[in-house]
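Q: give the three-dimensional model of this entry:
(chains A and B, ligands or ions: 4)
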Amino acid sequence: MFANYDKIIERISLNQLWDFPGGVHPPQQKTLSNQASIEHLQVEKTYYVPVKQHIGLEGKLLVSEGDKVLKGQTLTTSEAPFSVPVHAPTSGTVTKIANHVSAHPSGIPELTVIIDADGQDTWIELDPVPDYAKASKSELIERICDAGISGMGGAGFPTHIKTNNSKPLEFLIINGIECEPYISSDDRLMREHAWQIRQGIDILVHILQPKQVIVAVEDNKPEALETMSIACQQKINYQVVSVPTKYPAGGEKQLIQVLTSREVPANGLPIDVACIMYNVATCYAIADAIVEGKPLIERVVTLTGQGFKSPKNVWARLGTPIQSLLIYGDYDESQQSSPRFIMGGPMMGFTMTSVLTPIVKISNCILVPADDELPNPEDERACIRCSACSDVCPASLLPQQLFWYSKAKELEKAEEYNLFDCIECGACAYVCPSEIPLVHYYRQAKADIRNQKEEKEKSDKAKIRFEARKARLLKEKEHREEKHRLAAEARKASLSTDGGGAKDKIAAALARAKAKKEAFAKQASNAPHMTDSAESEKTKAVSVSEISTEVAVSQTAQGASPAKDGPEDDTAANKETTEL
Amino acid sequence: MTLTVFALAAIALLALIFGALLGFAAIRFKVEGDPLVDQIDAILPQTQCGQCGYPGCKPYAEAIANGDDINKCPPGGESTIKELSALMGVEAKPLDAAHGVEDVKKVAFIREDECIGCTKCIQACPVDAILGAAKQMHTILIDECTGCDLCVDPCPVDCIDMVPVDVDSSHWEWKFNKVPVGDIPIRQMS
Ligand code: SF4
Ligand code: SF4
Ligand code: SF4
Ligand code: SF4
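A: Ligands and ions are numbered 1, 2, ... in the order given. Got it, this is the predicted structure:
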């Protein structure tokens, strides 16, 4: 069905690649930022390190407020399989652990470790692997996890999970495409650190044992292509491939399709077609972690857009607030009528809610566009059914249908039209003549569907609990009734065997009770004594309620379920006494 | 003659076989309960709050199956009414305000230092979401609480609050007007 291994190798060596459907060619704008080498920044005063920076679970905190930390010290554990730790970006003091605006489109505050730097920037003791070729697979994977590495290309998938592969693997693909306009962080990284990226690839090859390594670089980055080719030329099964520039060629599924013609199934993973893909920045971080023993605490961030007077690439520690980056890039306020800072590129990025938003593992770019540089997203008009969007969709979807159903909240229909295959690349919105923010509608619909599913699960659970409770109450009631019936039978039996004696006793007791009642009635008609009797009633009531709580205690002591029915037991007890 | 007999016998035999088959299927694939009620019940939110005027979602589902209005469930709100109207083939009406209004999702929270351990809330909770014993401090299992509000009134010392559930970023619905803090006004991207 798809091309086999030999065929793919042959076509790649001839540089005859395949293609993916659709795609667009937005203006590249890369030269704005990719001219100068990556700059190192001074140590910040304060860092905001979010505890969760990847897809999955956050780890448990290892530090508390007031603790002194060293650069590279682990701040959270990685117990659960999908959790990835975070590390201190510099040495200093943990001043606060609290919710802080998140690097997410919503900006919803999330748990963040706030560290005040001491200016010394002292590393913890580093623990490199002397010779990774002698280390076991599992040790290396554990080290990758402990170094806090998650996919740095955008999705933030935990790298150690991806690397722990047991399925047959043919192609290890290294993604140096960086197809999104403006961004040049991977470009600069490949130009300046090709050898370290190669080292990272070597480690991955040692762990994964692929048949072939493909390093894919878009043909608009000739310098990066050259440095990567030089770095990889001695390895016979490493092939550096120049991929024609087209957005979104860097999408995981799209790149696999371009290189191998294979299509990753919906809901599937690349490994289902015998491929695994890593971003170049991730490879760099892996080499750092294994060869130098350094955890992931910084990454390359592109500062670009006409809102910066000096756009460039910088090494930014994770947790750096973008406010400082605005200063480094020389933010020019006069270019914007109102502030607008985008994390990520113009196609897939999001506008930030606060200048204190921290840089996280997936932040590859801060884009500050001038007013007329990017279209104003508020000029939405009606869809004219031109179908320009479906022509460019790389996932071969029908964006106008998806838009229609998403807007009308016909979520089932949207799912039928494969909403979840949409990679949110924004190509459709880019070409839409009506300037409809299509992806925004898809994201809303996806979130609604996910929330509804979760709600459904919860309501199913509630139903089960409700019914279980009903059944339990019923059983308890039956149990009580059975007890009463048996007691009554026993009494009847004792009555008949005991003959007149017992009957006499009962008659005498009834007579006594009647006499008491009469006396009581007399008393009651006597007004001044009434409060007295009422009080005695009250004390009686109190004692009864005490008894009932004791009943409840003894029940829990027997390991009864949390909810028990005190009053019903109460009435039962009362019934029993009256019956006796 | 023999032909007629043969034909009749064949037909009788076939009738017997199919009859047996149908009889077997009726027993083997018997549908438990009333499927319509179950379908309606599956749409209702299972908050079990009784705001619809019935003691729980299932009784309301039965009432709908018998022709009651579909707009009496406030926790379900608009989306539930929409689904019910599609299932029942009746027109979707706005929520009947007499039964309450649609609210944000909430869960109960016991101010634990004030709780006297009376067990009253436990008896009220329809889904056993409260943990505690007599004279002991009680607490709510947030994951199980449906936010039905039924435990609030029985509490003699008023120590139960209904608090709105915090939205985290993975449950956020991409509504930019529902963003909490932020010193930069948000405009949607792409
Ligand atoms: S955002 Fe989704 S629908 Fe639009 S072009 Fe990309 S994949 Fe297709
Ligand atoms: S490109 Fe825009 S206007 Fe054209 S069909 Fe798609 S959504 Fe409608
Ligand atoms: S109002 Fe409450 S009890 Fe009635 S159907 Fe809705 S959630 Fe269930
Ligand atoms: S804890 Fe209270 S609000 Fe929550 S389900 Fe139980 S009774 Fe309802």
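Q: could you use CA atoms for every contact and neighbour count after this?
A: Will do.
Q: give me the element A:Val217 is part of.
A: For A:Val217, the host element (DSSP states H and E) is strand A:212-218.
Q: beyond that strand, next helix or strand please.
A: Toward the C-terminal end, the helix or strand that comes next after strand A:212-218 (DSSP H and E) is helix A:222-232.
Q: tell me which other helices or strands that following helix touches.
A: Where contact means 3 or more Cα pairs under 8 Å, 6 or more residues apart in numbering or on different chains; DSSP states H and E, helix A:222-232 is packed against helix A:185-208, strand A:212-218, strand A:238-243.
Q: from B:Thr119, how far out is B:Gly50?
A: 21 Å (Cα to Cα, to the nearest Å).
Q: more neighbours, these two?
A: B:Thr119 (27 against 20; other Cα atoms under 10 Å in any protein chain shown).
Q: which non-adjacent residue is nearest that one?
A: Closest residue in space to B:Thr119, ignoring its immediate chain neighbours: B:Ala134 at 5.7 Å, by Cα to Cα, 6 or more residues apart in numbering or on different chains.
Q: state the pLDDT value of that neighbour.
A: Model confidence at B:Ala134, given as pLDDT, is 82.
Q: what separation do you get for it and B:Ile116?
A: Using Cα to Cα, B:Ala134 is found at 8 Å from B:Ile116.
Q: then A:Glu416?
A: Distance from A:Glu416 to B:Ile116, by Cα to Cα: 53 Å.
Q: what about those two, which has more around it?
A: Per other Cα under 10 Å, whichever of A:Glu416 and B:Ile116 has more neighbours is B:Ile116, with 16 against 10.
Q: quick one: contacts for the nearest residue to that one once chain neighbours are set aside?
A: Nearest residue to B:Ile116, sequence neighbours excluded (Cα to Cα, 6+ apart): B:Lys135, at 6.0 Å. Taking Cα atoms under 8 Å, 6 or more residues apart in numbering or on different chains, we find B:Lys135 in contact with A:549, B:116-119.
Q: which two in the residues you listed are spaced the farthest apart?
A: A:Thr549 and B:Ile116 (11.9 Å; Cα to Cα).
Q: wait, A:Leu303 sits on A:Cys365?
A: Yes. Contact status for A:Leu303 versus A:Cys365: in contact at 6.0 Å, counting by Cα atoms under 8 Å.
Q: where do the strands sit along chain B?
A: With DSSP state E, the ranges of strands along chain B come out as B:106-110, B:130-131, B:139-140, B:160-164.
Q: so for A:Ser91, which of those sits nearest?
A: When these are compared by Cα to Cα, strand B:160-164 sits nearest A:Ser91, at 38.5 Å.
Q: okay, the angle between the closest one and strand B:106-110?
A: 150 degrees (axes from the mean of the first three to the mean of the last three Cα atoms, to 10 degrees).
Q: around ligand 3, pick out the residues from chain B.
A: Residues of chain B lying near ligand 3 by Cα under 6 Å from any ligand atom: B:44-52, B:56-57, B:60, B:73-76.
Q: let's see it at 8 Å
A: B:44-58, B:60-61, B:72-76, B:99, B:148 (Cα under 8 Å from any ligand atom).
Q: can you pull out the helices in chain B?
A: Counting by DSSP state H, chain B has helices at residues B:2-28, B:35-43, B:57-65, B:77-88, B:120-124.
Q: just put those helices in JSON lines and tack on distance to A:Lys30 and mean pLDDT.
A: Below are the helices of chain B laid out as JSON lines (distance: least, Cα to Cα, whole Å; pLDDT from 0 to 100):
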{"stretch": "helix B:2-28", "distance to A:Lys30": "69", "mean pLDDT": "84"}
{"stretch": "helix B:35-43", "distance to A:Lys30": "51", "mean pLDDT": "87"}
{"stretch": "helix B:57-65", "distance to A:Lys30": "59", "mean pLDDT": "90"}
{"stretch": "helix B:77-88", "distance to A:Lys30": "46", "mean pLDDT": "86"}
{"stretch": "helix B:120-124", "distance to A:Lys30": "63", "mean pLDDT": "89"}
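Q: reformat those as TSV; add mean neighbour count and distance to A:Phe157.
A: As requested, those are exported to TSV (neighbours: other Cα atoms under 10 Å in any protein chain shown; distance: least, Cα to Cα, whole Å):
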stretch	mean neighbour count	distance to A:Phe157
helix B:2-28	11	48
helix B:35-43	17	34
helix B:57-65	20	40
helix B:77-88	17	33
helix B:120-124	22	42
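Q: so for ligand 4, which of the ones you listed sits nearest?
A: Nearest of the helices of chain B to ligand 4, taken as Cα to the nearest ligand atom: helix B:120-124 at 5.7 Å.
Q: so what's the gap between the closest one and the chain middle?
A: Relative to its chain's centre, helix B:120-124 lies at 20 Å (Cα atoms, centre = their mean, to the nearest Å).
Q: hmm, it touching chain A?
A: Yes. Against chain A, helix B:120-124 shows contacts by Cα under 8 Å from any Cα of the partner chain at B:122-123.
Q: contact partners for A:Asp67?
A: Counting by Cα under 8 Å, 6+ apart, A:Asp67 touches A:93-95.
Q: which one of the helices of chain B lies closest to A:Asp330?
A: Closest among the helices of chain B, once you apply Cα to Cα, is helix B:77-88, at 48.9 Å.
Q: is chain A within reach of that closest one?
A: No. Using Cα under 8 Å from any Cα, helix B:77-88 stays clear of chain A, coming no nearer than 9.5 Å.
Q: how about that helix as PDB, C-alpha atoms only?
A: Output of helix B:77-88 as PDB, limited to C-alpha atoms (Å, rounded to 0.1, in the frame of the first residue of the first chain):
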ATOM      1  CA  GLY B  77     -29.300  23.200  30.600                       C
ATOM      2  CA  GLU B  78     -29.500  24.000  27.000                       C
ATOM      3  CA  SER B  79     -27.400  21.200  25.600                       C
ATOM      4  CA  THR B  80     -29.400  18.500  27.400                       C
ATOM      5  CA  ILE B  81     -32.700  20.100  26.200                       C
ATOM      6  CA  LYS B  82     -31.300  20.000  22.600                       C
ATOM      7  CA  GLU B  83     -30.300  16.400  22.900                       C
ATOM      8  CA  LEU B  84     -33.700  15.400  24.400                       C
ATOM      9  CA  SER B  85     -35.500  17.300  21.700                       C
ATOM     10  CA  ALA B  86     -33.600  15.400  19.100                       C
ATOM     11  CA  LEU B  87     -34.300  12.100  20.700                       C
ATOM     12  CA  MET B  88     -38.000  12.700  21.400                       C
END
